[in-house]
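A.B. asks: Here is a sequence with its predicted model. Questions after.
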Amino acid sequence: MRARRFTVVIADRSNGRIHRIGVNLKPTFAFAGIVIVCSLLSVPVLMGLGAKWSARGEIDELRTANSLLRDENNNYRAATGELTGQIQSLEGVLTDLGARSLLDPAQAKAMSRLPALVKSSAAGGAVPPKALSELAKTPWISPEDTFGALRDLLQGLENRLTYVRKDVERREALAAATPSIWPTQGWLAGSFGERSDPFTGEAGFHQGIDISADKGTPVLATADGLVESASYSGDYGNLIVLKHQFGLSTRYAHLSAFGVKPGQRVKRGEVIGFVGSTGRSTGAHLHYEITANGRLLNPLQLLTQPAAH
């Protein structure tokens, strides 16, 4: 079928001219159809591009959030590792303190009989750290606050345990310096205090105790200390003076021979000399004295453990 044609007439009123334009409908409709089809096809494309741009924005937001969460998780992991390390450190301190705080009952008994001045000097004057009950009053809200509060609590506990450990160390030092064993094997021949002078029979004051023993019997240091002197000293004969911590001192008189030299450090139970009868003596025996800050003590109050064989 032939395509239908139309004529469009256009008249110019100014000069009366008439213009005629022929129009073929088939190409016109075809062009219009193309325009409509292109428009319809472009709609889903544009919608797809918009959805793509929207999804890309959401993905970027998710990536940012994921990065923040990863950093936060790493921070929590680091904080957890730090707390774990502190807890393990505290467990070690507790184990150490538990083992070291167990003193021999006889040794602890001897320490309890020391003058108050000696015990107070060993106690020290350090101020204990803040109580944990005060640290625990911190409000916990966010995870960060929780980790921070736990760190503060653990640090506070560690500080208090460090303080206790130092106190245990001072107690150990006092225990080591306390004369608590018999200085030699033998039997008690003279007690501390008022007694008659064995040479004149007159009343006098005995500054220590006498332990009768065979000549040459080993004499032991009754506590850890430093040999202050080892020489002949008048009525004492051969005399050893040991200086201990916290103002304590011991003397071993009438020795037949010395086993140590001045300036030498000795441990409790170590041989320092031998029983004899030098100086003002009626026979082989050991004269033994204890002083605390220059004041004489009754050795029997502290000698709770027999001398080793």
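C.D. replies: The structure has been received and is ready for your questions.
A.B. asks: Can you give the domain ranges for this structure?
C.D. replies: Domain ranges of the chain: 5-68, 77-177, 187-301, per automatic domain parsing.
A.B. asks: Pull out the buried positions in stretch 185-197.
C.D. replies: The neighbour-count check on stretch 185-197 (16 or more other Cβ atoms under 10 Å) flags 185, 186, 189, 190, 192 as buried. In short, each C-beta sits where N, CA and C put it, glycine included.
A.B. asks: was I right about the fourth one contacting residue 204?
C.D. replies: No - contact criterion Cβ atoms under 8 Å: residue 190 and residue 204 do not qualify, at 11.1 Å.
A.B. asks: burial measure for the closest residue to residue 221 other than its chain neighbours, as a count.
C.D. replies: Leaving aside its chain neighbours, residue 221 sits nearest to residue 266 (4.5 Å; criterion: Cβ to Cβ, 6 or more residues apart in numbering). Counted by other Cβ atoms under 10 Å, the residues lying close to residue 266 total 20.
A.B. asks: Residue 228 versus residue 266, what's the distance?
C.D. replies: Distance, residue 266 to residue 228, by Cβ to Cβ, to the nearest Å: 11 Å.
A.B. asks: cool, residue 274 as well?
C.D. replies: 19 Å.
A.B. asks: Those two - which one has more neighbours?
C.D. replies: residue 274 (21 against 15).
A.B. asks: buried residues in stretch 170-189?
C.D. replies: Going by neighbour count (16+ other Cβ under 10 Å), the buried part of stretch 170-189 is 170-171, 174-186, 189.
A.B. asks: my read: residue 161 touches residue 95, true?
C.D. replies: No - look at residue 161 against residue 95 with Cβ under 8 Å: they stay out of range, at 11.0 Å.
A.B. asks: pLDDT averaged over the helix or strand hosting residue 64 - what is it?
C.D. replies: Using DSSP states H and E, residue 64 falls within helix 25-100. For helix 25-100, mean pLDDT rounds to 61.
A.B. asks: ok, now stretch 209-222?
C.D. replies: Mean per-residue pLDDT for stretch 209-222: 96.
A.B. asks: okay, how far is it across it, tip to tip?
C.D. replies: 14 Å (Cα to Cα, to the nearest Å).
A.B. asks: buried residues in it?
C.D. replies: Buried, per 16+ other Cβ under 10 Å, within stretch 209-222: 209, 210, 211, 212, 213, 217, 218, 219, 220, 221, 222.
A.B. asks: Identify the residues contacting the fifth one.
C.D. replies: Residue 213 sits next to 184, 185, 186, 187, 275, 284, 285, 286 when contact means Cβ atoms under 8 Å, 6 or more residues apart in numbering.
A.B. asks: Next step: those residues restricted to helices.
C.D. replies: Using DSSP state H, no member of the contacts of residue 213 falls in helices.
A.B. asks: Just put the residues you listed in JSON lines and tack on pLDDT.
C.D. replies: Formatted as JSON lines, those follow (pLDDT from 0 to 100):
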{"residue": "184", "pLDDT": "95"}
{"residue": "185", "pLDDT": "93"}
{"residue": "186", "pLDDT": "92"}
{"residue": "187", "pLDDT": "91"}
{"residue": "275", "pLDDT": "97"}
{"residue": "284", "pLDDT": "95"}
{"residue": "285", "pLDDT": "95"}
{"residue": "286", "pLDDT": "97"}
